[in-house]
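Chemist: Could you look at this predicted model? Sequence included:
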Amino acid sequence: MFIIDLNYLVPLEQLAEYIVAHRQYLDKYYNLGLFVASGAKIPRTGGIIISVAGSAEELEQIITEDPFYQHNFAEFKFTQFLTKHHPALIDLLN
């Protein structure tokens, strides 16, 4: 699993035009089963995405489709981790 930590590089007003496209991008990878959870940070300085991508290389390719990446609106940091999880998540994570 991976945590994708986004930190905005521009004001929120500049992001507003691309929020719908960003959410469509997220939906694509939820539907493909590669994103598990996501959301804005509080305070709203960026966001977090939890992914079950197969490798860091795959994840790096996926991120290039995010409008926030394409327009250099955010920096992206990846952290891979091994999981211990609630039993109810076993089907989702396998």
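Modeler: Cool, got the structure.
Chemist: Which parts of this structure are strands?
Modeler: According to DSSP state E, the chain carries its strands in the segments 2-8, 35-40, 46-51, 74-80.
Chemist: Any idea which of those strands gets closest to Leu89?
Modeler: strand 35-40 (8.3 Å; Cβ to Cβ). Just so you know, the C-beta spots here come from the backbone N, C-alpha and C atoms, and that holds for glycine as well.
Chemist: how many neighbours does Leu82 have?
Modeler: Per other Cβ atoms under 10 Å, the neighbour tally for Leu82 reads 5.
Chemist: Excluding chain neighbours, what is closest to it?
Modeler: Met1 (7.7 Å; Cβ to Cβ, 6 or more residues apart in numbering).
Chemist: got it, and Phe35?
Modeler: That would be Tyr29: by Cβ to Cβ, 6+ apart, it lies 4.3 Å from Phe35.
Chemist: avg pLDDT for stretch 61-77?
Modeler: Per-residue pLDDT values over stretch 61-77 give a mean of 97.
Chemist: That one: end-to-end distance?
Modeler: Start-to-end span of stretch 61-77 (Cα to Cα, to the nearest Å) is 14 Å.
Chemist: what sits up against that stretch?
Modeler: With Cβ atoms under 8 Å, 6 or more residues apart in numbering as the contact definition, stretch 61-77 has outside contacts at 4-10, 14-15, 18, 21-22, 25, 28-29, 34, 46-47, 51, 53.
Chemist: Same check on stretch 38-47?
Modeler: Asp5, Leu6, Asn7, Tyr8, Leu12, Leu26, Ile48, Ile49, Ile50, Ala74.
Chemist: Let's have the residues you listed in JSON lines, adding neighbour count and distance to Thr64.
Modeler: Listed next are those as JSON lines, based on neighbours: other Cβ atoms under 10 Å; distance: Cβ to Cβ, whole Å:
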{"residue": "Asp5", "neighbour count": "16", "distance to Thr64": "17"}
{"residue": "Leu6", "neighbour count": "23", "distance to Thr64": "14"}
{"residue": "Asn7", "neighbour count": "12", "distance to Thr64": "17"}
{"residue": "Tyr8", "neighbour count": "18", "distance to Thr64": "18"}
{"residue": "Leu12", "neighbour count": "11", "distance to Thr64": "23"}
{"residue": "Leu26", "neighbour count": "16", "distance to Thr64": "14"}
{"residue": "Ile48", "neighbour count": "13", "distance to Thr64": "19"}
{"residue": "Ile49", "neighbour count": "24", "distance to Thr64": "14"}
{"residue": "Ile50", "neighbour count": "15", "distance to Thr64": "19"}
{"residue": "Ala74", "neighbour count": "22", "distance to Thr64": "13"}
